[in-house]
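what follows is a predicted protein model with its sequence.
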Amino acid sequence: MRRNSPALCQSANSLPETYQDRRFRKRLSGGASVVYQGRVVSIRMNLAGRLLAQVARLVGGPLPFDLSSANQPAVVSVTEDIAGDGQFWIRQYGRAAGFPQVIHSSKRFAGPTGIEEYIGAGMGIALRVSASGDALIFESDHYFVQLGTRRLRLPVWFAPGNLTITHRDLGKKNFVFSLTLKSRLFGELIQQDALFHDKEDD
């Protein structure tokens, strides 16, 4: 990566130094990739969450949708976005039957909050970043649609819910990736925890 969001740097700097060095100060260049391996520890969805996850498949499937992925292998690959200013993220979750679910997204250091995640079909999420203990927390500020050079911010009532993504360090190169999506109307829609191991320098 050529640069980081100031908000991301400030939050990451408050984490333990080993965690900063291994994950949030890691620099990728020339199209290099880093891979984290692990497994899905838990996943739950209410009925509204299941419906939303299925509908979201129309724009690239950015949400986990199969409850059978619990206790299945998980792999995350992070690659530098050479053309842009950010990273490509590919998350792969095993399922009890059939091909694994593969989720593609792009994180870019842009927009009013300094960091955004693009999930497909021109849709994106502006993120706020904070640190708490041994965790770096990304929370949705707002959702938007990019139509060419025009950017349309979705109204709160049309947004799918409040998204929180947490990277929590467990020590010994282990960390938990947690995704929680909550709605004011329907409560907790989706919650997923996956345990990963940083194999670098093993």
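Okay, I see it.

next secondary structure after the helix or strand of the chain with the lowest mean pLDDT?
Using mean pLDDT, DSSP states H and E, helix 17-19 stands out as the lowest-scoring helix or strand of the chain, at a mean of 49. Using DSSP states H and E, the helix or strand that follows helix 17-19 in sequence is strand 33-45.

what lines up beside that following strand in the sheet?
strand 73-81 (antiparallel), strand 187-197 (antiparallel) (DSSP bridges).

need the next SSE after that strand, C-terminal direction.
Per DSSP H and E, the helix or strand that comes after strand 33-45 is helix 47-55.

where does the chain dip in pLDDT?
Applying pLDDT under 70 to the chain picks out residues 1-31, 84, 200-202.

swap the cut-off to 80 and go again
For the chain, applying pLDDT under 80 flags the ranges 1-32, 82-85, 199-202.

report the central residue of it.
Nearest residue to the geometric centre of the chain (CA atoms, centre = their mean): Ile165, 6.0 Å.

so that one touches Ser178, yeah?
Yes. Between Ile165 and Ser178 there is a contact at 7.0 Å, judged by CB atoms under 8 Å. (C-beta placed from N, C-alpha, C; glycine too.)

Ile119 is in contact with Val59, correct?
Yes. Shown here, Val59 and Ile119 form a contact pair, counting by CB under 8 Å, at 6.7 Å.

look up the closest residue to Gln54, ignoring the ones flanking it.
Phe65 (6.0 Å; CB to CB, 6 or more residues apart in numbering).

what is the burial count for that neighbour?
23 (other CB atoms under 10 Å).

which residues are in contact with stretch 130-144?
11-12, 14-16, 19, 24, 112-113, 115, 117, 123-129, 151-154, 156, 158-160, 162-170 (CB atoms under 8 Å, 6 or more residues apart in numbering).

so in terms of bridging, what pairs with Gly124?
Under the criterion used here (DSSP bridges), Gly124 is bridged to Tyr118, Phe144.

OK, contacts around the nearest residue to Val76 once chain neighbours are set aside?
Spatially, and ignoring its direct neighbours in sequence, Val76 is nearest to Tyr36 (4.5 Å; CB to CB, 6+ apart). Tyr36 makes contact with 75-78, 196-199, according to CB under 8 Å, 6+ apart.

roughly how far apart are Tyr36 and Thr149?
From Tyr36 across to Thr149, the span is 35 Å (CB to CB, to the nearest Å).

repeat that for Leu170.
In terms of CB to CB, Leu170 sits 43 Å off from Thr149.

one more: Thr113?
19 Å.

just the buried subset of the contacts of Tyr36, please.
Buried subset of the contacts of Tyr36 (neighbour count, 16 or more other CB atoms under 10 Å): 75-76, 78, 196, 198.

just the element for the residue nearest to the centre of the chain, please.
strand 162-171.

got it, and Gly61?
Using DSSP H and E, no helix or strand contains Gly61.

kindly list the main-chain dihedrals of it?
Phi and psi for Gly61, reported as degrees, to the nearest 10, are phi 60, psi 60.
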